[in-house]
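**Student:** Here's my sequence, what's the structure:
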Amino acid sequence: EGMEKGVLEDTLLQLATRLRERAFCRYVKDRLDYKELLQAACEAEKGYCDMELTNEQREQIDLLLESRANAEERELTLTYVAGILDGVAFLRKLGFLDMYVQDGQEKSC
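**Tutor:** Got it, this is the predicted structure:
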């Protein structure tokens, strides 16, 4: 049962990640404020690459940046799922879900 739960959670996270990535393409990637932040990140990366670091220093910084990116990626997906859950809770609170369930029940009777 624990194994099945883990597989289910992993599958749902993969699905949510794909949905989030598609939403990003539709709503975020062409925004000016996002492009400005991305440009600033590119300039910072250029500065990082130009630094005279030892291999050990560069490996440690790369590990730090990769681990932060991985954590942020997971945070984005979990926040996306939380947003979906908030939307469903909002619709339920307003009674929209109850209306839908009632409509569905009437049709099957």
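
**Student:** quick one: buried residues of the lengthiest helix in the chain?
**Tutor:** The longest helix of the chain (DSSP state H) is helix 55-93. Neighbour counts using 16 or more other C-beta atoms under 10 Å place T77, Y80, V81 of helix 55-93 among the buried residues. (Glycine included, C-beta is placed from N, CA and C.)

**Student:** The second one touches E21, doesn't it?
**Tutor:** No: at 9.5 Å, Y80 does not count as touching E21 under the criterion of C-beta atoms under 8 Å.

**Student:** Next, work out how far apart D33 and Q39 are.
**Tutor:** With the distance defined as C-beta to C-beta, to the nearest Å, D33 ends up 11 Å from Q39.

**Student:** Ignore what I typed, I meant L65.
**Tutor:** Distance from L65 to Q39, by C-beta to C-beta: 18 Å.

**Student:** for the host helix or strand of L19, which positions count as buried?
**Tutor:** In this structure, L19 sits in helix 2-27 according to DSSP states H and E. Neighbour-count burial for helix 2-27, with 16+ other C-beta under 10 Å as criterion, is recorded at A16, T17, R20.

**Student:** Let me see the confidence value for the last one.
**Tutor:** When you say that, I think you mean R20. R20 carries a pLDDT value of 95.

**Student:** and what of the second one?
**Tutor:** On pLDDT, T17 comes in at 95.

**Student:** Name the nearest residue to it, sequence neighbours excluded.
**Tutor:** Here the nearest residue to T17 in space, its sequence neighbours aside, is T77; by C-beta to C-beta, 6 or more residues apart in numbering that works out to 4.9 Å.

**Student:** average model confidence for stretch 68-81?
**Tutor:** 96.

**Student:** got a list of contacts for it?
**Tutor:** Residues outside stretch 68-81 that contact it (C-beta atoms under 8 Å, 6 or more residues apart in numbering) are L12, L13, A16, T17, L19, R20, A23.

**Student:** Likewise for stretch 20-28?
**Tutor:** By C-beta under 8 Å, 6+ apart, stretch 20-28 touches Y34, L76, T77, Y80.
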